[in-house]
Each structure stands twice: as structure tokens, then as C-alpha cells.
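**Q** here is my input, please return the structure:
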Amino acid sequence: MRKRFTDADKWNKMWFRQLKTTEKALWFYCSEVVGFDGILEADPEAIEFYTGHEGEIPEVIKEKLGFIEVDNNQYLLKNWLRFQYKELKENVSTHKRIISRLREKGLDQHFPELQENF
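**A** The predicted structure is shown next:
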């Protein structure tokens, strides 16, 4: 069973309270289905089935989770990754696979600590 950290204070934030019920379900879906490496395979059919949300992912959710488009229907959730792991470090064993995957996809550019001059 995969485990995820969550911010319990989101319930007190206006942006979260203003989400529709299906959008809140979408927030949880994205936060829990995303891979260990912060990459989400956004399957519109599954999203609608599990959350009831139809159409595009709202901008507020994209902004808060830090969506960066990787490929068609595939996104890096940069802010989610930061929240889960903080600063990525080469010498931390749990970070090695993540860093490798980010580099493989050319996404390491979004993390200053992975740049050689950092």
C-alpha cells in the first residue's frame, strides 16, 4: 500500500473550500494516484469514473500541485513532489530512483538542486 503525506490545513484554505465536490475528489485522486516520481498519467475516463469530474483539470488544481506537461496526458506534479520529499538529494537512497526518472524524462531542469552549478 502506497502512503502519501497530506496537508490537513487545506480544509482551512479558501481556494480548497471553493472547489466543487467533484474537484475536491479530483484533488485527492491526483494526489494519491500520482507515481512515486511525481508523474501522473491523467486518464480522462478514469478521472470521470472515480471523481465525477468531466473536462479539463481546473487551473487552481494545476497551480497548487505544480502541473508540468510531460507528454500527452502525462504531467509532473512538481509541488506535490516537493511536498513529499522536500529537496531532492543524490545521496538519499529513496531519492535516487526519482532523480533518475526525472533525468530520463528531461525534467531535472525544474529542480535547481539537481543542476551541476547548484
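
**Q** for this protein, which residue occupies the most central location?
**A** For the chain, the residue nearest the mean C-alpha position is Leu77 (2.7 Å; Cα atoms, centre = their mean).

**Q** hmm, it is touching Val34, no?
**A** Yes - contact criterion Cβ atoms under 8 Å: Leu77 and Val34 qualify, at 5.3 Å. Bear in mind the C-beta positions are built from the backbone N, C-alpha and C, glycine included.

**Q** okay, and the common contacts of those two?
**A** Counting by Cβ atoms under 8 Å, 6 or more residues apart in numbering, the common neighbours of Leu77 and Val34 are Leu40.

**Q** so the residue nearest to the centre of the chain bridges to which residues?
**A** Beta-bridge partners for Leu77, by DSSP bridges, are Phe67.

**Q** so what's it up against?
**A** Here Leu77 is in contact with Cys30, Val34, Gly38, Ile39, Leu40, Leu65, Gly66, Phe67, Ile68 (Cβ under 8 Å, 6+ apart).

**Q** count the residues that sit near the residue lying closest to Pro58 once chain neighbours are set aside.
**A** Excluding its sequence neighbours, the residue lying closest to Pro58 (Cβ to Cβ, 6 or more residues apart in numbering) is Glu23, at 5.7 Å. Residues lying near Glu23 (other Cβ atoms under 10 Å) number 17.
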